[in-house]
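> give the three-dimensional model of this entry:
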Amino acid sequence: MPPSPWSWTPAPTPAAPNTWTRRLWGGELVFAHAARAQPGRGDGMVSCTLRVPSSPSTPLHLTHAHVRQAVRGLRWDHPSVASRVNWSAGDGEPRFVYAAPASEGAVAAWLDTIVFLREGESVDGALDALRAELGHAECARAPHELVVYHVPGAAGEGEHGLLLYLRHTVFDGLAAWQVLGALIANIATALGSDAPLAPLNWGEECARLARAVPDRTENTFEEGDMHREWPLVNRMHEVLARPSTSFGLPTPHPDAVPAGTAWFRRTYPAPLWRALNSAGRAAGARAFALQLAMVLVACLRVSPPAALHGEEHRITIPFNPVNLRPLLSVLPPHGVEIVSALGFTALEAADLQRFFSLASSSPSPADEDEEVRRAVLTLAREVQAQSDAQAGAQVDVARYAPLAVRVLGASMFQNPPPSHPLKMFGLTNFGVLDAVVKHSYPIPIPSPSPLSPTSSPIPFSSSPTPTPSPATHTPALALEVTALHFHSVLFYAQHTLLPALLHAWTWRGALTHAWSYSRAHMGAVGLDGAGRVLDQTRGDGAKAEEGEAEAEEGVLARFVVELERIMGLVAEGAPHARL
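Numbering: from 1, shown residues only. Modelled structure (predicted):
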């Protein structure tokens, strides 16, 4: 495949040997500009808790040295995690830069800057403290795309925590989970190897630098593509010409001083998730379309918008991310290239006023439940139809995405903002993650002691070492993943979205909704274990707007309660539902 304008190339100066650069493509460019304008914007944190197995015959103890060894192997297998974004002084364009380390000493120095030990009274408590620190407006942002924190548990308990702080430029949502899964696999391998590590031939890993989308597809960029008519770009123009109206949820404290990010999560059992999937399939809609439809109807019921005369209420999404990985090639020997791989669709939910009969200032179960269910499925079907109509265009995304990014940038940075703040929050659905982050990772049987005459240094590999034959009757050991978490950094107010984000995924059969929001702007969210709204407290240092309706305080908690009620309604109406 011939190189594209976004291919990795050697650095143009002899002063930077074994250094490679490439231009940013598509969403990478969008997120780089956003983070430069507001450090922390778009950043995220994936984290997990791990359980090291207890075996009298094969005692295992996870140390910080094992984690460093695993991150070292991660760089060898997936060197792009160690790339950085540099802004050119000449053309002002951002570029990824990767410099191969000159020695193992240079690798150790790099590990010192991105791998940290954090201790606390408990693993969960230390992880929460880390998130609060990293999600605060005053936190200094490191120049690295990846930073790793290791949280050990109490001695002898075998529980550990990992938190990865990630820049959105390299890591889209799925790449964030992929890098976590790769790191856990490396830790399991490190636990099972007692032999000292041999030096690696640093520089060889450059052949595995993760490629931009145009270098992973046959329909790659051509000269003249910036001047062609592309149906999906035309669709983006149409959606941008009909911006979202004042529909969604209010921001109780729009002028609050940015402070910290707050989070909460809701987990739903497997029967509910299966019933929602069944209801969506019966309506011809997949997970994201159904999720968006339920969110829109819940917004309508919790915070009914003012009626418009001569205009419709609508929500438009001109750049809705699409996972391109099923269409892309992968460099051997690994099954993934850990890097952003996003296309897009341009979606809208139109004519929302037709559902205004469902609006309620204090939503509760009532006779209109069937109407609510029907409205959700109607919207989901309409959104899915738009997505399906644009699916075929994704094969040419490498050709039209540069033009689409230019169109989107012109809309964001050149056109005046809408006269009203947009009130919808961002939402994503990562899908089913069990194949990306496994429930457990096999630990290879430890090799002979370094004191053994048969022992010798081995190079690190993320592939498990061969295990003895079954005749040895050695019990299988595995590093268990006990919980997954995703948190966005969101301490700021923005004119284009409500200062809140909803991330959904399914793992071990359970559906999770992970919420991130600016507490200063939204106020505190109080929900008890049964999903009831607790007393609300105002945001950090926030003052209510003069004349602010008290109903705005605590609106996010009330929205979650209504969303969950609607989820139950839709699930109950699914074919063969058993909740």
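> CA atoms for contacts and neighbours, from now on please.
Will do.
> tell me which helix or strand of this protein sits lowest on mean pLDDT?
Least confident helix or strand, the chain: helix 397-413 with a mean of 88, by mean pLDDT, DSSP states H and E.
> which of the residues in stretch 418-430 are buried?
Using 16 or more other CA atoms under 10 Å as the test for burial, stretch 418-430 gives Pro421, Leu422, Lys423, Met424, Phe425, Gly426, Leu427, Thr428, Asn429.
> isn't the third one right next to Ser246, touching?
What that stands for is Lys423. Yes - judged on CA atoms under 8 Å, Lys423 makes contact with Ser246 at a distance of 6.2 Å.
> just the element for Pro486, please.
Just so we're on the same page, residue 486 is Phe rather than Pro. Assigned by DSSP states H and E, Phe486 falls within strand 477-488.
> what about Arg354, how many neighbours?
11 (other CA atoms under 10 Å).
> what's the pLDDT at it?
pLDDT, Arg354: 94.
> looking at this, it is in a helix?
Yes - Arg354: assigned to a helix according to DSSP: H, G, I helix; E, B strand; the rest coil.
> tell me how far it lies from Gln494.
29 Å (CA to CA, to the nearest Å).
> convert the C-alpha atoms of stretch 429-436 to PDB, please.
Listed next in PDB are the C-alpha coordinates belonging to stretch 429-436 (Å, rounded to 0.1, in the frame of the first residue of the first chain):
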ATOM      1  CA  ASN A 429     -21.800   3.500  23.700                       C
ATOM      2  CA  PHE A 430     -18.700   1.300  23.800                       C
ATOM      3  CA  GLY A 431     -20.700  -1.800  23.200                       C
ATOM      4  CA  VAL A 432     -19.700  -5.200  24.700                       C
ATOM      5  CA  LEU A 433     -16.200  -5.100  26.100                       C
ATOM      6  CA  ASP A 434     -15.600  -8.700  27.200                       C
ATOM      7  CA  ALA A 435     -13.400  -9.500  24.200                       C
ATOM      8  CA  VAL A 436     -11.400  -6.200  24.700                       C
END
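> circling back: tell me the strands beside the strand holding Phe486, with direction?
Strand 477-488 has the following strand partners under DSSP bridges: strand 44-51 (antiparallel), strand 440-443 (antiparallel).
> now that strand: average pLDDT?
Regarding strand 477-488, the rounded mean pLDDT is 97.
> quick one: the helix or strand just after that strand to chain centroid distance?
Going down the chain from strand 477-488, the next helix or strand is strand 500-507, by DSSP H and E. Once both centres are worked out by CA atoms, centre = their mean, to the nearest Å, strand 500-507 turns out to sit 9 Å from its chain's centre.
> what does stretch 14-30 give?
Using CA atoms, centre = their mean, the offset of stretch 14-30 from its chain centre is 23 Å.
> measure that stretch end to end?
End residues of stretch 14-30 are separated by 30 Å (CA to CA).
> buried residues in it, which are they?
So stretch 14-30, judged by 16+ other CA under 10 Å, has buried residues 18-30.
> so what touches it?
5-11, 93-100, 168-170, 203, 206, 212-213, 340, 342-343, 401-402, 405, 409 (CA atoms under 8 Å, 6 or more residues apart in numbering).
> sorry, back to before: and the strands paired with strand 477-488, which is most packed in?
Per-stretch averages of neighbours, counted by mean count of other CA atoms under 10 Å, single out strand 44-51 among those, with a mean of 21.
> what comes up buried for stretch 346-359?
The neighbour-count criterion (16+ other CA under 10 Å) identifies Ala346, Leu347, Glu348, Ala349, Ala350, Leu352, Gln353, Leu358, Ala359 as the buried residues of stretch 346-359.
> which ones among those residues map onto strands?
Here DSSP state E is the test, and the buried residues of stretch 346-359 give Ala346, Leu347, Glu348, Ala349 as lying in strands.
> quick one: the third one from Gln291, how far?
Put plainly, it is Glu348. Taking CA to CA, one finds Glu348 at 14 Å from Gln291.
> the buried residues of stretch 418-430: which two are farthest apart?
Pro421 and Asn429 (24.4 Å; CA to CA).
> number of residues surrounding Val405?
Neighbours of Val405 using other CA under 10 Å come to 18.
> for it, which residues are in contact?
Neighbour list for Val405: Gly26, Gly27, Val30 [criterion: CA under 8 Å, 6+ apart].
> pLDDT at the first one, what is it?
Going back to what we said before, that points to Gly26. For Gly26, pLDDT reads 92.
> just the buried positions in the strand or helix carrying Val85, please.
Per DSSP H and E, Val85 falls inside strand 84-87. Using 16+ other CA under 10 Å as the test for burial, strand 84-87 gives Arg84, Val85.
> adjacent strands (with direction) for that strand?
strand 94-99 (antiparallel).
> next SSE downstream of the partner strand?
Next element after strand 94-99 (DSSP H and E): helix 104-114.
> show me how far that following helix is from its chain's centre.
27 Å.
> in it, what counts as buried?
Applying 16+ other CA under 10 Å to helix 104-114 flags Leu111, Ile114 as buried.
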